[in-house]
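Q: Compute the structure for the input listed below.
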Amino acid sequence: MKVTIELDCTPEEARRMMGLPDLTPLHDLYLSRLREAFDGRIAPETVTAMMRSWTPMGDAGMEVWRQLFASNGGKSG
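A: Numbering: from 1, shown residues only. Predicted structure coming up:
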């Protein structure tokens, strides 16, 4: 037996329906810190420490970030 249910809702409505928390304030804070870092208002050492604490798998996760930035050539959008 196969049952298909189609819901027409926004991502916000789906999040609420499934009881998931609203992480918008945390996401906004994360993006603002990254913007500050890219604008040069935060020391590179601080950025490294911040990314390491936010990245799963410690140094392996940091390598993913390094590769991402290297492939972008250090350019910002």
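Q: Quote the end-to-end distance of stretch 50-62.
A: Between the opening and closing residues of stretch 50-62 there is a gap of 10 Å (CA to CA, to the nearest Å).
Q: and that stretch, average pLDDT?
A: Here stretch 50-62 scores 70 as its mean pLDDT.
Q: Now residue 15. Nearest residue, chain neighbours left out?
A: residue 22 (6.9 Å; CB to CB, 6 or more residues apart in numbering). (C-beta placed from N, C-alpha, C; glycine too.)
Q: correct me, but that neighbour touches residue 28?
A: No. Judged on CB atoms under 8 Å, residue 22 makes no contact with residue 28 at a distance of 11.1 Å.
Q: residues bridging contact with these two, i.e. touching both?
A: With contacts defined as CB atoms under 8 Å, 6 or more residues apart in numbering, no residue is adjacent to both residue 22 and residue 28.
Q: about what we covered before: now the residue nearest to residue 15, what's its secondary structure?
A: Secondary structure for residue 22, judged by DSSP: H, G, I helix; E, B strand; the rest coil, is coil.
Q: Give me the phi and psi for it.
A: phi -90, psi 110 (degrees, to the nearest 10).
Q: Same question for the one 5 residues further on.
A: Reported as degrees, to the nearest 10, the phi and psi values for residue 27 are phi -60, psi -40.
Q: low-confidence ranges in this protein?
A: Applying pLDDT under 70 to the chain flags the ranges 55-58, 61, 72-77.
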